[in-house]
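Chemist: just need the structure, nothing else, for what follows:
(2 chains)
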Amino acid sequence: MFWNSKNKVENIFDDVIFKPVGDTGLFIEIGQEITETINSKVHAITNLVENQNLPFIEEIIPAYSSLLINFDPLKISFDSLIQWLKSIEIQPTIQNKKSRVVMIPTLYGGEFGPDLQSVADYNNLTIDQVIEFHSSTKYLIYALGFSPGFPYLGGLPSEIHCPRLSDPRTQVPAGSVGIADSQTGIYSMPTPGGWRLIGKTPLNLFDQESSSPTIFSPGDYLQFVPLSSENDYCEIKKLVLSRNFTVEVQIS
Amino acid sequence: MITVVTPGTFTTIQDIGRKGFQRLGVPESGAMDIFSFKAGNLLVGNDHNLPSLEMTLFGPELYFEDSAVIAVTGADLSPKINGKKVKNWSTIKINPKSTLTFDGPVSNGGRGYLSINGGFSSPNLNKILGSFSTYVPANFGGYLGRPLLEGDSFINNSEKAFKNTQQLKSPPVFHDKETLRVVLGPQDDRFFDSSINELLSSEYQITPDSDRIGCRLSGPKLIHNDGPDVISDGNTFGTIQIPGSGEPIILLSDRGTTGGYTKIASVISADWSRLAQLVPGCTVKFQEVSLEQAYQFKQEEENILNSLREIPLNVPEYKIDGKKIEILSSTGESINLEKQENTKYILEVEVNKVNQEFEIEMRT
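Modeler: Take a look at the predicted model:
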């Protein structure tokens, strides 16, 4: 995507906008829309910069259509950092990066997804149709945020869009799968929230004791796999709690 | 052993924050006033990032079973040892069976830092994702993921022979009317010019719902030219975001990693200390500066910390045949010898009161 026909490198930074955020931040705007093309460029730049292990870069925060680089102003200036980035040689492997699809076992409905019926009613569908639409899509993880490990997902089928609850819950249990307008996501920690809850995964989305605390990264894809019974949910939960569950990841 | 007799208003373990995990949605956290935090550690001879206590308005009462080397920095919360007032911004040696108390804030600023030689330590202290900082909203890090409670305790690692007492020459002064310097953007183009002028000329008041997530201001409302929302993007300490209400919120240590409100400007890092010390009732004005000025102010702040890093105890002393010699370069590669006639010498190096001897031969 960043190579022209003569296989000559087009600089990945050619048509992006650089802006300062105070004296410690470099805001790189790729576009002003939420699209997979723009977001994949965000992750390509993030990976590119991360792989350099530059000592003056403290943090990279990829978002939907931009990324923020926090740097140490005692070590480098805004202008020099931009020059540095533009001088990075881009290896061809970056464009061949395979995508990971992380499979999320989910029990839909009942006490695990108390708003499933209301999402079905709102869209004139049966519960089974909502589950079918929700679990047959691969969702791109645009970014992680809101709370540690919470995935911002794109691509929810329009057939099951549904507005937020008018009265948000004061506590949503971790693992709850929700829908809010055109978005779907998974609560990674118990927090207040107004998304309509349609199911729950037994997986632990954020393990602070681990040095890789999340099961997916921005730029990965995620797919929900319906569980057939509460028994299946409990079996997986047991394995998760004893740290014996291996999350299924498909490479495509 | 150090025992928490009373915990104070809101006392947490902090360090410079959780680095490198914001891309996974994990907030940075860490000391609000990083300058005061680092200065405290340096005053007690630590690396600048050892876990210390962040105290808010009213500090704890602590009982020290053994002697200790401590420093209190940041806002003056009126520290006393065994009822006797002690100095802020200085190395303090305290005797066994002493009690440290705080009478409360005597002037401006709301956050004090207590550092101890060797750092605060306890089996209940959790290092999560590379940091000891307490992130209370998710109950992890620090002392069992929460503010201190009565009866908590720490291990005292203070060196008994610690000698190098220091004091910060001109410590920062916090005011009830502060002017914070800002760099505009990244979304200043989403405001009418009149609102940018308003931001840079008005006085804003800190409201009581401010916390470690954000400093909320009330004052003239700033008007967006195209609505208050942007596609969510990364947040930084000191970023001034303007939600639909038009009143600024300045993001602080426990801020979310991304946010969807327009960001009109950011407070420069040299002023983060004074930003962190604002308490409800204070007022603040904003002044625009260039990036070049901001870098210069940051370097000036760093120079103050560096003055505490020049610890004489760590400078090696070289002697040749018992005679003290002068080291000309900091790497110790060239040494000055005066009228030595033979070619073999005993080189004696003393570092931190430990002697080592080497036999060396000089060739010309």
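
Chemist: how close does the nearest residue to B:His224 once chain neighbours are set aside get to B:Ile196?
Modeler: Distances taken as C-beta to C-beta, 6 or more residues apart in numbering or on different chains place B:Arg190 nearest to B:His224, at 5.7 Å, with adjacent residues excluded. The C-beta positions use only the backbone N, C-alpha and C, and glycine is treated the same way. According to C-beta to C-beta, to the nearest Å, B:Arg190 and B:Ile196 sit 10 Å apart.

Chemist: quickly list what's touching both of those two.
Modeler: B:Ile264 (C-beta atoms under 8 Å, 6 or more residues apart in numbering or on different chains).

Chemist: doesn't B:Gln205 make contact with B:Pro220?
Modeler: No. Using C-beta atoms under 8 Å as the test, B:Pro220 is too far from B:Gln205 to be in contact (10.9 Å).

Chemist: how many other residues sit next to B:Ser290?
Modeler: Burial of B:Ser290 is recorded as 12 neighbouring residues (other C-beta atoms under 10 Å in any protein chain shown).

Chemist: what does B:Gly109 give?
Modeler: For B:Gly109, the count of nearby residues is 27 (other C-beta under 10 Å).

Chemist: residue contacts, the spatially closest residue to it that is not a sequence neighbour?
Modeler: Of all residues not flanking B:Gly109 in the chain, B:Ala75 sits nearest, at 2.9 Å (C-beta to C-beta, 6+ apart). The contact partners of B:Ala75, taken as C-beta under 8 Å, 6+ apart, are B:36, B:105, B:107-112, B:174, B:277.

Chemist: export those to JSON lines and tack on secondary structure and distance to A:Asn70?
Modeler: Shown next, in JSON lines, are these (DSSP: H, G, I helix; E, B strand; the rest coil; distance: C-beta to C-beta, whole Å):
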{"residue": "B:Ser36", "secondary structure": "helix", "distance to A:Asn70": "21"}
{"residue": "B:Pro105", "secondary structure": "coil", "distance to A:Asn70": "31"}
{"residue": "B:Ser107", "secondary structure": "coil", "distance to A:Asn70": "32"}
{"residue": "B:Asn108", "secondary structure": "coil", "distance to A:Asn70": "29"}
{"residue": "B:Gly109", "secondary structure": "coil", "distance to A:Asn70": "26"}
{"residue": "B:Gly110", "secondary structure": "coil", "distance to A:Asn70": "25"}
{"residue": "B:Arg111", "secondary structure": "strand", "distance to A:Asn70": "22"}
{"residue": "B:Gly112", "secondary structure": "strand", "distance to A:Asn70": "27"}
{"residue": "B:Phe174", "secondary structure": "coil", "distance to A:Asn70": "25"}
{"residue": "B:Gln277", "secondary structure": "coil", "distance to A:Asn70": "22"}
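
Chemist: now list the buried members of these.
Modeler: B:36, B:105, B:108-112, B:174, B:277 (16 or more other C-beta atoms under 10 Å in any protein chain shown).

Chemist: and which of those is nearest B:Phe286?
Modeler: Nearest to B:Phe286 among the buried ones among the contacts of B:Ala75: B:Gln277, at 16.2 Å, using C-beta to C-beta.

Chemist: what residues are up against that closest one?
Modeler: By C-beta under 8 Å, 6+ apart, B:Gln277 lies in contact with B:33, B:74-75, B:108-111, B:174.

Chemist: ok, now A:Leu26?
Modeler: Counting by C-beta under 8 Å, 6+ apart, the residues that A:Leu26 touches are A:18-20, A:68-69, A:71, A:78, A:81-82.

Chemist: B:Val5 now?
Modeler: Shown in contact with B:Val5 (C-beta under 8 Å, 6+ apart): B:60-63, B:99, B:150.

Chemist: do A:Gly113 as well
Modeler: A:Gly113 makes contact with A:107, A:176-177, A:197-200, according to C-beta under 8 Å, 6+ apart.

Chemist: which residues does the worst-scoring helix or strand of chain A on mean pLDDT contact?
Modeler: Lowest by mean pLDDT, DSSP states H and E among the helices and strands of chain A is strand A:191-193, with a mean of 87. Residues from elsewhere that reach strand A:191-193 (C-beta under 8 Å, 6+ apart): A:146-147, A:168-172, A:176, A:178, A:187.

Chemist: if we go to 10 Å?
Modeler: Strand A:191-193 is touched from outside by A:146-147, A:150, A:164-165, A:168-174, A:176, A:178, A:180, A:185, A:187, B:137-138, with contacts defined as C-beta atoms under 10 Å, 6 or more residues apart in numbering or on different chains.

Chemist: take those and keep only those in helices.
Modeler: Among these, no residue falls in helices (DSSP state H).

Chemist: mind checking which of these are buried?
Modeler: Applying 16+ other C-beta under 10 Å to these flags A:146-147, A:150, A:165, A:169, A:172, A:174, A:176, A:178, A:180, A:185, A:187, B:137-138 as buried.

Chemist: quick one: which of those is nearest to B:Arg23?
Modeler: Nearest to B:Arg23 out of the buried ones among the contacts of strand A:191-193 is A:Phe150 (C-beta to C-beta; 12.5 Å).

Chemist: who's in contact with that closest one?
Modeler: Taking C-beta under 10 Å, 6+ apart as the criterion, A:Phe150 is in contact with A:143-144, A:174, A:185-189, A:191, A:193, A:205-206, A:214, B:24-25, B:256-257.

Chemist: returning to that earlier point: need the contacts of A:Gly113 in JSON lines (columns: secondary structure and pLDDT).
Modeler: What follows is these, written out as JSON lines (DSSP: H, G, I helix; E, B strand; the rest coil; pLDDT from 0 to 100):
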{"residue": "A:Leu107", "secondary structure": "strand", "pLDDT": "98"}
{"residue": "A:Ser176", "secondary structure": "strand", "pLDDT": "98"}
{"residue": "A:Val177", "secondary structure": "strand", "pLDDT": "98"}
{"residue": "A:Leu197", "secondary structure": "strand", "pLDDT": "97"}
{"residue": "A:Ile198", "secondary structure": "strand", "pLDDT": "98"}
{"residue": "A:Gly199", "secondary structure": "strand", "pLDDT": "98"}
{"residue": "A:Lys200", "secondary structure": "strand", "pLDDT": "98"}
